[in-house]
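J.: Need coordinates for the following:
(chains A and B)
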Number of protein chains: 2
Amino acid sequence: MKVGILGGGQLARMMIAAGRPMGLDFLVLDPASGVCAADYAPHVQADWQEAASESRLLDCDVITCDFENVPAAVLAQLAAHKPVYPGPQAFAAGQDRLDEKQLLDSLDIPLPGFSEVNARPDLLAAVERLGYPCVLKTRRLGYDGKGQKVLRTHEDLEPAWQTLGGQPLVLEAWVDYTHECALTAVRSRDGDIRHYAPSWTVHADGILKLALAPAPMADATLAAGRAMVERLMNHLDYVGVLTLEMFHTADGLLANEFAPRPHNSAHWTIEACICSQFENHLRAVCGLPLGVTDSRQPALMFNWIGSLPSREAFLALPDLHWHDYGKRARAGRKIGHATWLVSDRAEFHSAQSAVRSLLEPQLATLFDRLLDDTA
Amino acid sequence: MKVGILGGGQLARMMIAAGRPMGLDFLVLDPASGVCAADYAPHVQADWQEAASESRLLDCDVITCDFENVPAAVLAQLAAHKPVYPGPQAFAAGQDRLDEKQLLDSLDIPLPGFSEVNARPDLLAAVERLGYPCVLKTRRLGYDGKGQKVLRTHEDLEPAWQTLGGQPLVLEAWVDYTHECALTAVRSRDGDIRHYAPSWTVHADGILKLALAPAPMADATLAAGRAMVERLMNHLDYVGVLTLEMFHTADGLLANEFAPRPHNSAHWTIEACICSQFENHLRAVCGLPLGVTDSRQPALMFNWIGSLPSREAFLALPDLHWHDYGKRARAGRKIGHATWLVSDRAEFHSAQSAVRSLLEPQLATLFDRLLDDTA
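T.: Take a look at the predicted model:
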């Protein structure tokens, strides 16, 4: 069975690493040259628009994505020829922030207040309704903090409009959250859903820096969050792994956005779970039995953004797993991660000094705060 | 750092799978076409004798092997240009059964009686000394039960001589062992040695069928076995993973043979250990810090010889990990394995029926016996 993957980044790379031992074969299509998944499978360099007429892709038995912004229309064209999982509808729903919020709202998934902003007057009305601070975002193609501006006072309106105006926007109410978290689950072709432990996520500069799992969370809160994920997956007739990113507030969970693919916040599943998010995504997509999502050990993941710290130093730590994506280093780019496994959560505290000493100052500060907050 | 691997079979494939996340790059050289490691790294198809003049191989930073019969002379030529780990001396020592036995003997590593056999009269004298049953083996290029004949009575002498005579041979005394086992360890460039848990191995038709780890073993026996491995590794100034295959007898361990590479009996380390034999082999070879060899869970490995059983059925078992090597099926060929992880050894017994029901009759019988013997 051959799987075609649209997008050849680290998610494709880790999917293929998980899939080859299951006897799956792969092809990657990506408009960019030198993508990192090409170390693991043949890479066809082509624009998204060419995908539906690319015979090597159409030769695959099933098609999936490592990138949420593959145009839904392209996926719909492909779906006329081959199974595409998750389906085009999951991408269409998530590629426009306004559509996404309206969908979540319609499924009784609580989320922060939001308003459509198409013109200057809309913005003023929306700010009036939602109050300061609030966040102005492009409706399309934003990720990792790109395409958004925080509005704290009336002074911020004009510069934000100058930067983002002239395209469809959405204004979001500021959420007074205690922390962010992410719920990842997998749904099979026949509707079976399995949940991974929740991740406690820490972002800075709009990009994920740390994820700890299982996130401490009240049973009722977790159950409510998982029910939201199930409503979303069932509504989309979703097949594969999906992550719902959420704000944890005093009043419970509020949805932020979902990703129709394996997600950075669940990379710890590679070592900590019997069956990782990557393996389970492929099992679902290929119609194979789902794997167990239970965690064997608590885990803390460090994202390497822009540059890698010393590999030798990290490999010398006994419970550290290193993931170099084979990508060229570039500011703001995710080029690797490491996962620290412990026997029980107390060990995050008792054994932290060796790990902490290897972190750059900003990350060390976030790490300290994460350990304090999850103590 | 780029690692050149001589031999492109499943051991190279699993090495590369372990090494890419550490940021290592790879090249495989193998005389055969369509080798299974080529799914993971570029493959240069060339004879062993051409290796030392192959510029793409000489461009690598370090060279290792996935095959114990790469000619030691070729490795010695390569070692004049690039680091070769394990070194040529480890291969030279193991490529001739007589040399290997004499080496083990010189290191006070107990082993079954043996005699050099170069001509008909040698054979008669050797049989007289060692008694029936005994095993006549070629000194070179035997593996997986190939190149050997069991002699049970005087009647077996002539047919065995007809088949094997005319080349250097060795006669081995029959060993009345309770079971076979294997000790795997890794040694770093600076002489640090770490041991994996012992494997209890089950062979049939001369080929490994099952491995259970940790093998139940008296502490003193294990300590003695590990001391033998250390004497061997230190003598060879060994760098990388080595397995010493042994007979467990009423009088303790007797050495059978060693393999200068990751070994089939330790494939369970991929899931059961923090750092697998493949990752640790590369860490040693590349001069990176060694990883932890502790087991997290007991494991039982099934070898798939000649054909794969139903992937779907095995993937439906919650604690089963599947390894398809991407090789064409052929009688007697190792084309995959599966590793079953349990929380504690009692679970091998309490949960055996689901696994057993999927095994072909011969393997099911060996499995039953293994569970009985290790109860």
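J.: Can you name the residues of chain A sitting close to chain B?
T.: Counting by C-beta under 8 Å from any C-beta of the partner chain, chain A comes close to chain B at A:17, A:20-23, A:25, A:39-41, A:274, A:283, A:288-289, A:291-292, A:296-297, A:308, A:311-312, A:315-316, A:318-319, A:321-324, A:326, A:336, A:341. All C-beta atoms are positioned from the backbone trio N, CA, C, and that covers glycine.
J.: so what secondary structure elements neighbour the strand or helix carrying A:Phe367?
T.: Taking DSSP states H and E as the definition, A:Phe367 sits inside helix A:361-373. Counting contacts by 3 or more C-beta pairs under 8 Å, 6 or more residues apart in numbering or on different chains; DSSP states H and E, helix A:361-373 is packed against strand A:199-204, strand A:207-213, strand A:299-305, helix A:352-356.
J.: What ranges does chain A have for its helices?
T.: Applying DSSP state H to chain A gives helices spanning A:10-19, A:55-58, A:72-79, A:88-94, A:97-106, A:120-130, A:157-164, A:219-235, A:269-272, A:277-285, A:311-315, A:346-350, A:352-356, A:361-373.
J.: and among these, the most buried is which?
T.: Comparing the helices of chain A by mean neighbour count (mean count of other C-beta atoms under 10 Å in any protein chain shown), helix A:277-285 ranks first with a mean of 28.
J.: burial of whichever residue of the stretch 251-375 of chain A sits closest to chain B, as a residue count?
T.: The nearest approach of the stretch 251-375 of chain A to chain B comes at A:Asp324, 3.3 Å away (C-beta to the nearest C-beta). Neighbours of A:Asp324 under the rule other C-beta atoms under 10 Å in any protein chain shown: 20.
J.: I figured it hits A:Gly336, correct?
T.: Yes. Here A:Asp324 reaches A:Gly336: they are 4.6 Å apart, a contact under C-beta atoms under 8 Å.
J.: Now do the shared contacts for those two.
T.: Counting by C-beta atoms under 8 Å, 6 or more residues apart in numbering or on different chains, the residues touching both A:Asp324 and A:Gly336 are A:Leu308, B:Gly23.
J.: and stretch A:180-195, what's its mean pLDDT?
T.: Stretch A:180-195 shows a mean pLDDT of 98.
J.: who touches A:Cys181 in this structure?
T.: Residues in contact with A:Cys181 (C-beta under 8 Å, 6+ apart) are A:Pro198, A:Ser199, A:Trp200, A:Thr201, A:Ala215, A:Met217, A:Gly225, A:Glu245, A:Met246, A:Phe247, A:His248, A:Leu253.
J.: who's in contact with the last one?
T.: When contacts are counted by C-beta under 8 Å, 6+ apart, A:Leu253 touches A:Pro110, A:Cys181, A:Thr221, A:Ala224, A:Gly225, A:Met228, A:Met246, A:Phe247.
J.: I'd say the last one and A:Glu180 touch.
T.: Spelled out, it's A:Phe247. Yes. If you go by C-beta under 8 Å, A:Phe247 and A:Glu180 touch, sitting 6.0 Å apart.
J.: shared neighbours, the two?
T.: Listed as contacting both A:Phe247 and A:Glu180 by C-beta under 8 Å, 6+ apart are A:Asn256.
J.: distance of the residue lying closest to A:Ala52 once chain neighbours are set aside from chain B?
T.: Using C-beta to C-beta, 6 or more residues apart in numbering or on different chains and skipping residues adjacent in sequence, the residue nearest A:Ala52 is A:Gln77, 3.7 Å away. Distance, A:Gln77 to chain B, by C-beta to the nearest C-beta, to the nearest Å: 29 Å.
J.: Repeat that for A:Val175.
T.: Separation of A:Val175 from chain B (C-beta to the nearest C-beta): 35 Å.
J.: Put together JSON lines for the helices and strands packed on helix A:361-373, with mean pLDDT and distance to B:Arg194 on each row.
T.: Output for those, formatted as JSON lines (pLDDT from 0 to 100; distance: least, C-beta to C-beta, whole Å):
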{"stretch": "strand A:199-204", "mean pLDDT": "97", "distance to B:Arg194": "32"}
{"stretch": "strand A:207-213", "mean pLDDT": "97", "distance to B:Arg194": "28"}
{"stretch": "strand A:299-305", "mean pLDDT": "98", "distance to B:Arg194": "23"}
{"stretch": "helix A:352-356", "mean pLDDT": "95", "distance to B:Arg194": "19"}
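J.: possible to save these as a markdown table with distance to B:Leu236?
T.: Listed next are the helices and strands packed on helix A:361-373 as a markdown table, based on distance: least, C-beta to C-beta, whole Å:
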| stretch | distance to B:Leu236 |
| --- | --- |
| strand A:199-204 | 46 |
| strand A:207-213 | 43 |
| strand A:299-305 | 37 |
| helix A:352-356 | 33 |
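J.: Identify whichever of the ones you listed lies nearest to A:Phe258.
T.: Of all the helices and strands packed on helix A:361-373, it is strand A:199-204 that lies closest to A:Phe258, at 13.8 Å by C-beta to C-beta.
J.: Could you list the buried residues of the closest one?
T.: A:Ser199, A:Trp200, A:Thr201, A:Val202, A:His203 (16 or more other C-beta atoms under 10 Å in any protein chain shown).
J.: what do you get for stretch A:28-38?
T.: Counting neighbours by 16+ other C-beta under 10 Å, stretch A:28-38 gives A:Val28, A:Leu29, A:Asp30, A:Pro31, A:Val35, A:Cys36, A:Ala37, A:Ala38 as buried.
J.: Relative to A:Thr374, which of those residues is nearest.
T.: The closest of those to A:Thr374 turns out to be A:Cys36 (C-beta to C-beta; 31.3 Å).
J.: per-residue pLDDT, the closest one?
T.: At A:Cys36, the pLDDT recorded in the model is 97.
J.: Repeat that for A:Leu141.
T.: Reported pLDDT for A:Leu141: 76.
J.: The one 4 residues further on now?
T.: A:Gly145 carries a pLDDT value of 63.
J.: In contact with the residue of the stretch 51-200 of chain A found nearest chain B, which residues?
T.: Nearest to chain B in the stretch 51-200 of chain A, going by C-beta to the nearest C-beta, is A:Arg194, at a distance of 10.8 Å. By C-beta under 8 Å, 6+ apart, the contact set of A:Arg194 is A:Ala185, A:Val186, A:Asn280, A:Leu290, A:Val292, A:Thr293.
J.: Buried ones only from these, please, as a PyMOL command.
T.: PyMOL command restricting the contacts of A:Arg194 to the buried ones, with burial defined by 16+ other C-beta under 10 Å:
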select buried, chain A and resi 185+186+280+290+293
